[in-house]
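*Asks:* With the sequence up front, the predicted model follows.
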Amino acid sequence: MSNNMEISSVLAQMRVMSAQATNSVTKTPATNSSDFSNMLSQSIEAVNKTQQQAGALSTAFVKGETDASLAEVMVSLQKANLSFQTVLQTRNKLVDAYKDVMRMTM
């Protein structure tokens, strides 16, 4: 029973984080290149922080130094993986767009 409650709690936290991320993206549209570079920089820092936290939680779980459940550790690792994959795919799209622009003739 407590596992279901823990999973529900983690899912609720993920929904809140998703809503916050959606709101922050829609509230601050990029108007120039410095805004875009700042947003990109902050996104990369957030991904790095997420990965570090997931790694630390995983290590602590393996050592028995945390009260976190296996489900919480796995969700943390999946969040880190998903955020990394998102940044990776964004980078790939930016590189493709750059290549397309460079192929254009004037």
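*Replies:* Arrived safely.
*Asks:* CA atoms for contacts and neighbours, from now on please.
*Replies:* Noted.
*Asks:* For the chain, which segments count as helices?
*Replies:* Taking DSSP state H, the helices of the chain run over residues 2-27, 33-63, 70-103.
*Asks:* For the first one, the averaged confidence score.
*Replies:* In this model, helix 2-27 has a mean pLDDT of 64.
*Asks:* Could you find the closest non-adjacent residue to the residue positioned nearest the centre of the chain?
*Replies:* By Cα atoms, centre = their mean, the chain has its centre lying nearest to residue 83, at 2.9 Å. In this structure, residue 83 finds its nearest non-sequential neighbour in residue 47, 5.9 Å apart by Cα to Cα, 6 or more residues apart in numbering.
*Asks:* pLDDT below threshold where in the protein?
*Replies:* For the chain, the stretches with pLDDT under 70 are 1-7, 10-11, 14, 18, 21-33, 106.
*Asks:* 80 instead?
*Replies:* For the chain, the stretches with pLDDT under 80 are 1-34, 36, 105-106.
*Asks:* quick one, phi psi at residue 66?
*Replies:* Backbone torsions for residue 66, taken as degrees, to the nearest 10, come to phi -140, psi 160.
*Asks:* so who does it touch?
*Replies:* Contacts for residue 66 were tallied using Cα atoms under 8 Å, 6 or more residues apart in numbering; they are 57, 60.
*Asks:* From residue 83, how far out is residue 39?
*Replies:* 15 Å (Cα to Cα, to the nearest Å).
*Asks:* Next: residue 37.
*Replies:* In this structure, residue 37 and residue 83 are 18 Å apart, going by Cα to Cα.
*Asks:* Show me the contact partners of stretch 35-55.
*Replies:* Outside stretch 35-55, the residues that reach it (Cα under 8 Å, 6+ apart) are 30, 73, 76-77, 79-81, 83-84, 87.
*Asks:* buried subset of the residues you listed?
*Replies:* The neighbour-count test (16 or more other Cα atoms under 10 Å) marks 73, 76-77, 79-80, 83-84 as buried among these.
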